[in-house]
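Participant: Sequence below, structure please.
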Amino acid sequence: MTDGVNGRSVIVTGAGSGIGRAAALAFAAQGDRVVVADLNAEGADAVVTEIEAAGGTAVAVTGDLSEQAVADRVTATAVERFGGVDVLVNNAGIMDSMSALADVSDAEWERVLRVNLTAPFLLTRAVLPHMLAAGRGTVVNTASEAALRGSAAGAAYTASKHGVVGLTKSLAVMYRKNGIRANAVCPGGTATAITVDADAAAHGPAALGPHFVNLGRVSRPEEQAAAILFLASDAASNVNGAILPVDDGWSAV
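Facilitator: Below you'll find the predicted structure:
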């Protein structure tokens with residue numbers, strides 16, 4: 001599936017584990033240079049070590065991407081170390097507690113929206129001037145099955161991932177004449193380290209319970225990464241504004 005476009009400068013967020021790690025390894029394996037961005041320094045450093053051990057090129061940047069200063073530092077690292085930003089993968093995210101709207105606390109709402117939606121906005125805004133100057137660039141956002149329906153997560157997570165879809169489509173339309181593409185993947189159940197801290201007896205989890213029978217096969221992070229690599233490749237040169245379910249047909253049920 002690789003298209004021979006080696007040596008690109010790629011930023012992957014949430015790259016210290018799960019889908020982000022798989023994507024960072026896959027980009028590096030095809031010769032791209034990767035900024036491994038993650039909140040967890042140990043995880044980010046481990047992925048850089050893994051990439052370098054395989055002969056690839058990577059650098060870790062750690063911090064909370066919902067802070068503008070961190071988004072700016074990630075962007076500056078890509079520009080200074082690798083000459084620009086060719087691909088941005090906004091993958092970092094957190095789950096909510098499956099809370100129904102009436103039970104969502106201010107803290108849960110603000111943190112989930114900040115990490116899942118504001119952070120991709122901040123980082124995309126930071127890299128856009130560099131993509132515009134180059135006349136090209138690709139953004140791939142990790143949305144979710146919860147971006148396609150109202151029955152796959154709690155209110156905060158669902159709202160945040162619907163927002164990611166809107167952000168993706170707006171970006172695609174507004175910058176398509178500038179050589180910039182934006183697409184999103186919507187993973188279904190995937191084997192990652194993300195856990196859900198939910199009270200099964202609470203209204204939200206109880207109401208959502210029956211809908212999870214259509215979850216489908218739990219995917220490997222590498223399967224999600226393969227879709228991300230495709231959308232970032234020249235093979236997808238005319239794919240722009242697409243919202244791609246990678247969910248074993250869950251969204252088709």
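Participant: Who are the contact partners of the residue minimising distance to the centre of the chain?
Facilitator: Nearest to the geometric centre of the chain sits Asn91, at 1.7 Å (C-alpha atoms, centre = their mean). Going by C-beta atoms under 8 Å, 6 or more residues apart in numbering, Asn91 touches 12-15, 19-20, 23, 141-142, 228. Every residue, glycine included, has its C-beta placed from N, CA and C.
Participant: Glu67: neighbour count?
Facilitator: Glu67 has 14 neighbours, counted by other C-beta atoms under 10 Å.
Participant: need the contacts of Asn91 in a markdown table with pLDDT and neighbour count, can you?
Facilitator: Listed next are these as a markdown table, based on pLDDT from 0 to 100; neighbours: other C-beta atoms under 10 Å:
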| residue | pLDDT | neighbour count |
| --- | --- | --- |
| Val12 | 98 | 34 |
| Thr13 | 98 | 29 |
| Gly14 | 97 | 30 |
| Ala15 | 98 | 33 |
| Ile19 | 97 | 31 |
| Gly20 | 98 | 30 |
| Ala23 | 98 | 31 |
| Asn141 | 98 | 28 |
| Thr142 | 98 | 30 |
| Ile228 | 98 | 28 |
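Participant: for the protein, what are the low-confidence residue spans?
Facilitator: 1-6, 193-215 (pLDDT under 70).
Participant: What segments of it are helices?
Facilitator: 18-29, 41-53, 68-82, 106-113, 119-134, 155-175, 203-208, 221-232 (DSSP state H).
Participant: that older thread, any chance of the contacts of Asn91 in JSON lines, with distance to Val59 too?
Facilitator: Output for the contacts of Asn91, formatted as JSON lines (distance: C-beta to C-beta, whole Å):
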{"residue": "Val12", "distance to Val59": "11"}
{"residue": "Thr13", "distance to Val59": "14"}
{"residue": "Gly14", "distance to Val59": "16"}
{"residue": "Ala15", "distance to Val59": "11"}
{"residue": "Ile19", "distance to Val59": "20"}
{"residue": "Gly20", "distance to Val59": "15"}
{"residue": "Ala23", "distance to Val59": "16"}
{"residue": "Asn141", "distance to Val59": "22"}
{"residue": "Thr142", "distance to Val59": "21"}
{"residue": "Ile228", "distance to Val59": "19"}
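Participant: can you name the two of those residues that are farthest apart?
Facilitator: With C-beta to C-beta as the measure, no two of the contacts of Asn91 lie farther apart than Ala15 and Asn141, at 14.3 Å.
Participant: so how far is Val127 from the residue nearest to Ile180 when sequence neighbours are not counted?
Facilitator: Nearest residue to Ile180 in three dimensions, chain neighbours excluded: Gly137, at 4.6 Å (C-beta to C-beta, 6 or more residues apart in numbering). Distance, Gly137 to Val127, using C-beta to C-beta, to the nearest Å: 7 Å.
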